[in-house]
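> next come a sequence and a model predicted from it.
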Amino acid sequence: MAKIEVNADRCKGCLLCAEFCPKKIIKQSDVLNSKGYYPAMQTEPEKCVGCAACAKMCPDVAITVYR
Amino acid sequence: MQKVFEKPVSIDEKPFSYCAGCTHGIIHRLVAESIDELGIREKVIGVAPVGCSVFAYEFFNFDMCSAAHGRAPAVATGIKRARPENIVFTYQGDGDLAAIGTAEIVHAAARAEKITTIFVNNAIYGMTGGQMAPTTLVGQKTDTTPYGRKVENQGYPIKVAEMLSTLEGANYIERVTVISPAHVNKAKAAIKKAFQYQIEGKGFNLIEVLSTCPSCWGMSPIKAIEWLKANMIPHYPLGVYKDGAKTE
Amino acid sequence: MHEELIIAGFGGQGVLLIGQMIAYAGLAENKHVLWMPAYGPETRGGFANCTVMVSDKELYSPVTTSPSSVIVMNLPSLDKFERSVEEGGLIVVNKSLVNREVFRGDIDKVVVPATEIATELGNVKAANMVALGAYIERRKTVKFETLINLLPKIFKGKEKLIPLNEKALIQGAEFVKNL
Amino acid sequence: MGEKVLMKGNEAIGEAAVSAGCRHFFGYPITPQSELPAYLAKKMPLVGGVFLQAESEISAINMVYGAACAGVRVMTSSSSPGVSLKQEGISYLAGAELPVLVCNVQRAGPGLGTIQPSQADYFQAVKGGGHGDYRLITLSPSSVQEIIDLIRLGFDLADKYKTPAMFLADGMLGQLMEPVDLGEYKSEIKEKPWALSGCEGRAKNTVTSIWINPEEMERHNIHLQEKYAEIKKNEQRWENFHFDDEAEFLVVAHGSMARIAKSAVIKAREEGIKASLIRPITLWPFPENAFSSLKSLKKILVVEMNMGQMVEDVRLVVNGRIPVEFFGRAGGMFPTVEQTLGKIRGLIK
């Protein structure tokens, strides 16, 4: 059981998280955030292992990981 | 479920103003995590440079000041000499540290100043829009080297970690990068150690972090990481260049 | 009493030191005093000089272009300062290193073989004290005893030099008394 | 009253700084103020202070910036070319509102110039010096005793107004030896809650001079100007010398030049000329109040060891009410008593 939360206001949609997610379950949202970015979002939370690779690579400290 | 990863206390609420995918943000977080884990947030005084991280004091949640371009090591020296009990660090880019501020960093290292320096090398001037940096690679195109950096004209890039490690005053010099979770873990360990040394009264300590500049390199964040790996690491090899604790 | 004195010689002759001694002595006698060295190019090429002022009145300009007294320890200093001495003023000349006469007829002249006297006393370096002793004897800017009393302070840590310098001061004064 | 001791100007700067509670000095050697760092290099370790010879004037002023951020009394000193190098840092200090004392023992310029005394950095000191709209409290001593007094005052005013202060002497004063009374002096060093000390038990402190938003930048400028207006109101200092309701001729001079000019004024009075003198002690704020009553005056003569700088401020204050003449010499040469007297006599015509 694990999941991530993306703080959409900090996220700039660079998708380094998606690139380094071993399960490939992070995608870009199609909803703009207040800064005009399409933030990242987790698509299949049930596959998340809570490895925090996404959070470690996030340049905006936008990801919180739960496990 | 428990939180296993969250924003460190030493990172303030204000969202970063860096470009999307710029690895400055990762480096900020590693500094903040190190400070939190060492329990020194209330003892730290940081010095922000001129460059992309000029507003670093807005993103960190502890006492900080800004310095004139290149002068952060001198400012940090003044702070540390006035308050030796505090933990003082500078956060500087390549233009700031290795061009205009070369004298300041060399002499801070030579004096074995008991400070920690986080040196972010992305081989380009980001804030002013993509000009040649002292660390720009031979052949690399920038706004001011539109045909690529040529040795006949601009000479060679400066290898800061190698250069400073020749100084007796340097205690700990390591070059790291943040282009994968594994690299990030290693960079974190190095940064934390560079603060730990200062807590133990040892200096000078510098961590050079190879970083990306997707905007000025004209690449996507992911392409930038690949470019860094293929071009920067061969020229700027990762590793420990000086570790006083080992050699002493 | 208002004395504006220039002391000139070459580096190593101790002209700055005797200038300071006069200032210290003046201070000890509750007079207004100042001391100022010439610095820079003037001191290059081995030349050294300083200005000393001792006065009953408050001192303003620290520079003088017409000193009331001049002590010259060598020929170039005589050449440089002879003309500037105020009418009726005093010039003290170290005869040992000056092979010409003083031209001025309107000033008081004390010509003393300071270097020779010092050499006879056993140390050529005490020539400055001989000149100082001669100057004070003639001009009485400060009391002779005040200078003698200063020696332990001036030669702190080099106490073995005190007797020699005291002798040199006395010899300088005696020379003038016997003129 | 303590006992009077003979002290050289440059050493007096150091002694006064220590007596004012300054325990941090960062500098770079330059003639003619080198006795000062040498003095403090000896003294600071004995009083638990820090003396550090920096790799450049630029580094020195930024070390000063750092120490000021940390909340301590800190000083640097240099001479003209070195102070030019420090200007970037001084602008940052003004922008960040950091209290420090910068000493300039002036030599002649421009460029490498000469090591002889000069007052040619008047403009640089009182008109800002670096980039941006700012002013430096600028103090000009005229004796070694006043060096002691003004160094102490400089630290106090810098702290009071949270602003850098400039101590503007010249090479002549630096070399001059005079009796001084160090007296009993206790500087009141107040808490600096804004200083960087580690954020234990409080919100973080930030010291900076960047306001990228133009509205905020303007607000900060207005705040600085209000502060400068307050300083202008409260801190004008000058000395009147034979300046009374009957004075017909007024000489204006500061620093060493004022000493020479006073001798000339005395000689002029002996000749029956009703001469007087105003000696600005604060060069910024310029002592405008000194010129409020010009009733009996016929002419003003400004004498400087430069080609005419302070004379502009005198003309601004006098504003055409009476003629203002100038006499100056430059390059390490300075007006003598006789030359100044000649110029005073010339005013009568």
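That came in fine, so what should we check first? Residues are numbered from 1 along each chain as shown, chains lettered A, B, ... in the order given.
> please enumerate the strands of chain B.
B:3-5, B:44-48, B:63-66, B:87-93, B:116-121, B:172-177, B:205-210, B:239-243 (DSSP state E).
> what sits against B:V9?
Listed by CB atoms under 8 Å, 6 or more residues apart in numbering or on different chains, the contact partners of B:V9 are B:32, B:36, B:41, B:61. Any C-beta I mention is one placed from the backbone N, CA and C, and that applies to glycine too.
> check for me that D:V83 belongs to a strand.
No - D:V83 is assigned helix when assessed by DSSP: H, G, I helix; E, B strand; the rest coil, not a strand.
> neighbours of it, how many?
Neighbour count of D:V83, defined by other CB atoms under 10 Å in any protein chain shown: 27.
> give me the secondary structure label for the residue lying closest to it once chain neighbours are set aside.
Leaving aside its chain neighbours, D:V83 sits nearest to D:N104 (4.5 Å; criterion: CB to CB, 6 or more residues apart in numbering or on different chains). Per three-state DSSP, the local secondary structure of D:N104 is strand.
> quickly list what D:N104 is bridged to.
D:S78, D:L168 (DSSP bridges).
> per-residue confidence for it?
For D:N104, the pLDDT comes out at 98.
> quick one, what contacts it?
D:77-80, D:83, D:121, D:125, D:166-169.
> who wins for neighbours among the residues you listed?
Most surrounded of the contacts of D:N104: other CB under 10 Å gives D:A169, at 33 neighbours.
> could you measure the nearest residue to that one once chain neighbours are set aside against D:H254, distance?
Using CB to CB, 6+ apart and skipping residues adjacent in sequence, the residue nearest D:A169 is D:V105, 5.0 Å away. The gap separating D:V105 from D:H254 is 15 Å, by CB to CB, to the nearest Å.
> what sits closest to D:E3 if chain neighbours are left out?
D:D181 is the one closest to D:E3 (CB to CB, 6+ apart), at 7.5 Å.
> again, but for D:A12
The nearest residue in space to D:A12 (CB to CB, 6+ apart) is D:I147, at 4.4 Å.
> doesn't that neighbour fall inside a helix?
Yes - assessed by three-state DSSP, D:I147 belongs to a helix.
> relative to C:I162, how far out is it?
Counting by CB to CB, the gap from D:I147 to C:I162 is 32 Å.
> compare these two (neighbour count), which wins?
More crowded of D:I147 and C:I162, by other CB under 10 Å: D:I147, with 30 against 15.
> contacting residues for that one?
D:I147 neighbours (CB under 8 Å, 6+ apart): D:9, D:12-13, D:16, D:141, D:169, D:173, D:180.
> and the closest residue to D:S77 other than its chain neighbours, how many neighbours does it have?
Closest residue to D:S77 apart from its sequence neighbours, by CB to CB, 6+ apart: D:C103 at 3.6 Å. For D:C103, the count of nearby residues is 28 (other CB under 10 Å).
> likewise for D:L347?
The burial count for D:L347: 19, using other CB under 10 Å.
> and what of D:A203?
Residues lying near D:A203 (other CB under 10 Å) number 8.
> and for the one 10 residues further on?
By other CB under 10 Å, the residues close to D:N213 number 9.
> so what pLDDT did it get?
So D:N213 comes in at 96 (pLDDT).
> any idea how far it is from D:G95?
Taking CB to CB as the criterion, D:N213 is separated from D:G95 by 15 Å.
> hmm, B:Y197 and B:I173 touching each other?
No - counting by CB atoms under 8 Å, B:I173 stays clear of B:Y197, with 10.9 Å between them.
> with neighbour numbers in mind, choose between the two.
B:I173 (29 against 20).
> which residues touch that one?
B:161, B:164-165, B:205-208, B:240-243.
> rewinding a little: out of the contacts of D:N104, which comes closest to B:P234?
Taking CB to CB as the measure, B:P234 lies nearest D:S78 of the contacts of D:N104, at 45.1 Å.
> is it true that the closest one touches D:E57?
Yes - the pair D:S78 / D:E57 is scored as a contact, 5.6 Å apart, by CB under 8 Å.
> which residues are common contacts for those two?
Taking CB under 8 Å, 6+ apart as the contact rule, D:S78 and D:E57 both touch D:27-28, D:30, D:85-86.
> could you export those residues as CSV, including distance to A:M41, secondary structure and neighbour count?
CSV is the format used below for the shared contacts of D:S78 and D:E57 (distance: CB to CB, whole Å; DSSP: H, G, I helix; E, B strand; the rest coil; neighbours: other CB atoms under 10 Å in any protein chain shown):
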residue, distance to A:M41, secondary structure, neighbour count
D:G27, 57, strand, 28
D:Y28, 56, coil, 20
D:I30, 62, coil, 20
D:L85, 54, helix, 18
D:K86, 53, helix, 27
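> farthest-apart pair in the residues you listed, please.
D:G27 and D:L85, at 11.7 Å, using CB to CB across the shared contacts of D:S78 and D:E57.
> if I look at those two, which residues touch both of them?
Joint contacts of D:G27 and D:L85 (CB under 8 Å, 6+ apart) are D:57, D:78.
> could you tell me the per-residue confidence at B:G129?
pLDDT, B:G129: 88.
> residue contacts, it?
B:143, B:216.
> just the buried positions in whichever helix in chain C runs longest, please.
Criterion DSSP state H: the longest helix present in chain C is helix C:162-177. Of the residues in helix C:162-177, C:164-173, C:175-176 count as buried by neighbour count, 16 or more other CB atoms under 10 Å in any protein chain shown.
> take the residues you listed and write them to TSV, including distance to D:Q236 and pLDDT.
Listed next are those as TSV, based on distance: CB to CB, whole Å; pLDDT from 0 to 100:
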residue	distance to D:Q236	pLDDT
C:L164	55	97
C:N165	50	97
C:E166	52	97
C:K167	56	97
C:A168	53	98
C:L169	50	98
C:I170	55	98
C:Q171	56	97
C:G172	52	98
C:A173	52	98
C:F175	56	97
C:V176	53	97
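> from those, which is closest to chain B?
C:N165 (43.4 Å; CB to the nearest CB).
> from memory that closest one sits against C:P152, does it?
No - contact criterion CB under 8 Å: C:N165 and C:P152 do not qualify, at 10.6 Å.
> the most far-flung residue of chain C relative to its centre and chain A, how far apart?
Distance to the chain centre peaks in chain C at C:G157, reaching 23.3 Å (criterion: CA atoms, centre = their mean). Distance of C:G157 to chain A, computed by CB to the nearest CB, to the nearest Å: 64 Å.
> roughly how far apart are that residue and C:Y24?
From C:G157 to C:Y24 the distance is 17 Å (CB to CB).
> and chain A, which of its residues are near chain B?
Neighbours of chain B within chain A, by CB under 8 Å from any CB of the partner chain: A:1-3, A:9-10, A:12-16, A:19-20, A:35, A:37, A:50-53, A:55-61, A:63-67.
> buried among these? Need that as a selection in ChimeraX.
Here is the ChimeraX selection string for the buried members of these, based on 16+ other CB under 10 Å:
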select /A:2,10,12,13,14,15,16,19,20,37,50,51,52,53,55,56,57,58,59,60,61,63,64,65,66,67
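> how about the helices of chain B, start to end?
Remark: helices assigned in chain B by DSSP H are B:24-38, B:56-59, B:72-82, B:94-95, B:102-110, B:151-154, B:160-164, B:181-199, B:214-217, B:221-227, B:233-235, B:244-247.
> turn those helices into a markdown table, columns for distance to chain C.
Output for these, formatted as a markdown table (distance: least, CB to the nearest CB, whole Å):
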| stretch | distance to chain C |
| --- | --- |
| helix B:24-38 | 50 |
| helix B:56-59 | 45 |
| helix B:72-82 | 30 |
| helix B:94-95 | 40 |
| helix B:102-110 | 28 |
| helix B:151-154 | 42 |
| helix B:160-164 | 39 |
| helix B:181-199 | 42 |
| helix B:214-217 | 51 |
| helix B:221-227 | 58 |
| helix B:233-235 | 51 |
| helix B:244-247 | 41 |
